[in-house]
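Student: attaching a predicted model along with its sequence, questions to come.
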Amino acid sequence: MSLRAVTRQLRAPLGAVLHSRPRIPGRTYGAAAQARSVLESELDAIRAAGTWKGERVITSKQGAHIGVDGSSGDILNFCANNYLGLSSHPEVIQAGIEALQKYGAGLSSVRFICGTQDLHKNLEQKLAQFHERDDCILYASCFDANAGLFEVLLGPEDAVISDELNHASIIDGIRLCKAKRFRYKHMSLKDLEEKLKESQSSRLRLVVTDGVFSMDGDVAPLVGICDLAEQYGALVFIDECHATGFLGPRGRGTDELLGVMDRVHIVNSTLGKALGGAAGGYTVGPKPLIELLRQRSRPYLFSNSLPPPVVGSATRAVELLLASNEIAQSMAAKTKRFRNSMTQAGFTIAGAAHPICPVMLGDARLASVIADDMLKLGVYVIGFSYPVVPKGKARIRVQISAAHTDSDIDRAVDAFIQTGRKHGVIS
């Protein structure tokens with residue numbers, strides 16, 4: 001018998017076996033229908049609780065004044081992380097255009113294959129210089145930087161001691177590591193010391209905190225944290241996303257503000273807020289740590305390089321801050337003006353002396369309705385509710401920018417007073 005004939009004989013029974021399984025279209029349809037029902041129930045519950053998060057559509061560049069789809073005229077923006085107003089700074093935009101023209105739209109590669117250009121190394125060098133640390137590694141976001149750090153640095157014989165209100169990305173990053181986990185009460189030095197005592201048998205211990213907590217605008221007690229860390233032989237890590245560029249005399253962040261730059265060992269921060277506002281995150285710290293992250297940090301190893309236009313824009317933003325602290329220093333007076341005016345009007349403003357100014361309302365639905373009414377008055381703010389903040393702690397998080405004028409701030413306060421009286425928040 002020929003080889004072709006043998007093949008035909010073998011193929012026939014094999015095909016029968018492969019195609020003999022009964023098809024049950026109803027089972028697949030039933031699973032999809034059940035999943036849809038579960039998802040729709042979850043969505044209905046979010047709507048019923050008043051915590052639905054819609055997405056307004058902006059029709060202009062990011063800035064203190066924006067266009068919003070469905071709203072006419074000039075809208076004041078008081079909820080962007082655009083702390084220094086650099087998102088639409090002409091020099092930052094031009095640097096992005098030039099990087100696009102010279103280096104292209106993207107690398108189509110991760111860093112270690114063929115995704116590292118000289119502009120990536122230049123930005124890393126400038127960020128290390130800015131923070132006065134040995135070295136820097138770039139990530140696609142600070143969420144990735146937090147996801148990629150703890151797993152590499154800490155093993156089963158180590159311990160991580162984290163503030164209970166740290167950012168979600170820190171919490172998720174810690175979950176990925178195998179270290180023993182301790183959580184201390186929010187900004188409580190007493191409880192932190194207890195956790196340091198409990199973890200004394202560990203090889204390495206890392207105290208982890210936000211420099212500024214993004215929902216309340218409160219600043220971590222870094223002097224006390226560093227004192228305890230040194231007393232008990234621990235390292236200190238801070239996430240500086242809501243501090244880099246504008247806190248401290250030169251805008252270096254919370255550690256500069258509180259005089260502990262030489263006592264904080266590792267800093268993670270973002271390019272997506274004050275430093276141009278596009279995208280990207282980074283870690284700065286000891287050179288051996290940064291080198292190890294390049295070898296083992298999964299978000300770094302398995303994510304495409306930051307696009308050249310983003311790197312170009314961020315580099316120019318950092319250069320502006322290295323050259324002058326004028327923009328950073330303008331924030332304090334603007335923040336004080338808003339906080340004082342709102343407090344005098346009868347509102348409760350959480351935090352202290354930070355551009356994050358949470359207008360506390362408590363009820364999720366009330367926060368959402370007031371935000372909608374504010375937009376009708378030409379001021380863009382957003383209500384924050386569970387799960388972004390704890391239940392019963394709903395608020396409108398106002399964020400002051402260096403791009404805001406005194407007139408802008410006064411107009412926003414007037415709108416708050418009008419809506420606050422309408423809904424019985426103030427008299």
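Tutor: Structure received. Quick caveat: nothing in here was measured; it's all calculated off a predicted structure. Residues are numbered from 1 along each chain as shown.
Student: where does L292 land in three-state SS?
Tutor: The three-state label given to L292 by DSSP: H, G, I helix; E, B strand; the rest coil is helix.
Student: and the closest residue to it other than its chain neighbours, how many residues sit next to it?
Tutor: Residue nearest to L292 in three dimensions, not counting chain neighbours: V152, with 5.9 Å by Cβ to Cβ, 6 or more residues apart in numbering. C-beta coordinates here come from the backbone N, C-alpha and C atoms, glycine included. V152 is flanked by 19 other residues according to other Cβ atoms under 10 Å.
Student: quick check, pLDDT for V152.
Tutor: Among the per-residue scores, V152 shows a pLDDT of 98.
Student: then the one 3 residues further on?
Tutor: Reading off the confidence values, G155 has pLDDT 98.
Student: wait, what's in contact with it?
Tutor: For G155, the contacting residues are 177-179, 203, by Cβ atoms under 8 Å, 6 or more residues apart in numbering.
Student: that one - that's part of a helix, no?
Tutor: No - G155 sits outside any helix when classified using three-state DSSP, being coil.
Student: could you check how far it is from A179?
Tutor: G155 sits 7 Å away from A179, going by Cβ to Cβ, to the nearest Å.
Student: if we can go back for a sec, helices and strands around the helix or strand hosting the residue nearest to L292, which ones?
Tutor: Assigned by DSSP states H and E, V152 belongs to helix 142-153. Secondary-structure packing of helix 142-153 (3 or more Cβ pairs under 8 Å, 6 or more residues apart in numbering; DSSP states H and E): strand 135-139, helix 168-176, strand 205-210, strand 235-239, strand 266-270, strand 281-285, helix 287-296, helix 298-301.
Student: from the chain's centroid, how far away is the helix or strand just after it?
Tutor: Scanning forward in sequence from helix 142-153 by DSSP H and E, the next helix or strand is strand 159-163. Taking Cα atoms, centre = their mean, to the nearest Å, the mean C-alpha location of strand 159-163 is offset from the chain mean by 19 Å.
Student: do stretch 265-279 as well
Tutor: 8 Å.
Student: next one: stretch 270-289
Tutor: 11 Å.
Student: next: stretch 214-232.
Tutor: In terms of Cα atoms, centre = their mean, the centre of stretch 214-232 is found 19 Å from the chain centre.
Student: end to end on that stretch, go ahead and measure it.
Tutor: Terminal residues of stretch 214-232 lie 28 Å apart, using Cα to Cα, to the nearest Å.
Student: list the buried residues in it.
Tutor: For stretch 214-232, a neighbour-count test (16 or more other Cβ atoms under 10 Å) marks 214-222, 224-226, 228-229, 232 as buried.
Student: what does stretch 335-347 give?
Tutor: So for stretch 335-347, counting by 16+ other Cβ under 10 Å, buried means 335, 337-339, 341-342, 345, 347.
Student: could you do stretch 175-188 as well?
Tutor: Residues 177, 179-184, 187 are the ones in stretch 175-188 that count as buried (16+ other Cβ under 10 Å).
Student: now do stretch 375-382
Tutor: Residues of stretch 375-382 classed as buried: 375, 378-382 (neighbour count, 16+ other Cβ under 10 Å).
Student: from those, which two are the most distant?
Tutor: Across those, no pair lies farther apart than G378 and I382, at 15.0 Å, counting by Cβ to Cβ.
Student: what about the chain, any weak spots by pLDDT?
Tutor: Within the chain, the segments meeting pLDDT under 70 span 1-28.
Student: now with 50, please.
Tutor: The chain contains residues with pLDDT under 50 at 3, 6-7, 10, 14-18.
Student: burial measure for the spatially closest residue to F237 that is not a sequence neighbour, as a count.
Tutor: Sequence neighbours aside, I266 is the residue nearest to F237 in space, at 4.4 Å (criterion: Cβ to Cβ, 6+ apart). Neighbourhood size, I266 [other Cβ under 10 Å]: 20.
Student: check S72 too.
Tutor: 8.
Student: next one: L366
Tutor: L366: 19 neighbours (other Cβ under 10 Å).
Student: touching, it and G424? I think so.
Tutor: No - taking Cβ atoms under 8 Å as the definition, L366 is not a contact partner of G424, at 9.2 Å.
Student: thinking again about what came up before, would you mind checking which of the buried residues of stretch 214-232 is nearest to K126?
Tutor: L222 (23.9 Å).
Student: residue contacts, L275?
Tutor: Contact partners of L275, counting by Cβ under 8 Å, 6+ apart, are 86, 244-245, 314, 317-318, 321.
Student: could I get the residues you listed as TSV with secondary structure?
Tutor: Shown next, in TSV, are the contacts of L275 (three-state DSSP):
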residue	secondary structure
L86	helix
T244	coil
G245	coil
A314	helix
A317	helix
V318	helix
L321	helix
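Student: nearest to D210, of those residues?
Tutor: T244 (12.0 Å).
Student: excluding its backbone neighbours, what's nearest the closest one?
Tutor: Using Cβ to Cβ, 6+ apart and skipping the chain neighbours, the partner closest in space to T244 is S269 (4.3 Å).
Student: can you name the residues in contact with stretch 297-308?
Tutor: Stretch 297-308 is contacted by residues 99-100, 102-112, 115-117, 119-120, 137-140, 144-145, 147-149, 151-152, 279-280, 293-294 when judged by Cβ under 8 Å, 6+ apart.
Student: swap the cut-off to 7 Å and go again
Tutor: 99-100, 103-107, 109-112, 115-117, 119-120, 137-140, 144, 147-148, 152, 280, 293-294 (Cβ atoms under 7 Å, 6 or more residues apart in numbering).
Student: how long is it from one end to the other?
Tutor: With Cα to Cα applied, stretch 297-308 spans 21 Å between its terminal residues.
Student: what separates that stretch from the chain centre, distance-wise?
Tutor: Relative to its chain's centre, stretch 297-308 lies at 17 Å (Cα atoms, centre = their mean).
Student: assign M215 to helix, strand or coil.
Tutor: The local conformation at M215, judged by three-state DSSP, is coil.
Student: how much space separates the residue nearest to it when sequence neighbours are not counted from I370?
Tutor: Leaving aside its sequence neighbours, M215 sits nearest to V389 (Cβ to Cβ, 6+ apart; 5.2 Å). Distance, V389 to I370, by Cβ to Cβ: 15 Å.
Student: between the two, which one's more packed in?
Tutor: A direct count of neighbours by other Cβ under 10 Å for V389 and I370 places I370 higher, at 24 against 21.
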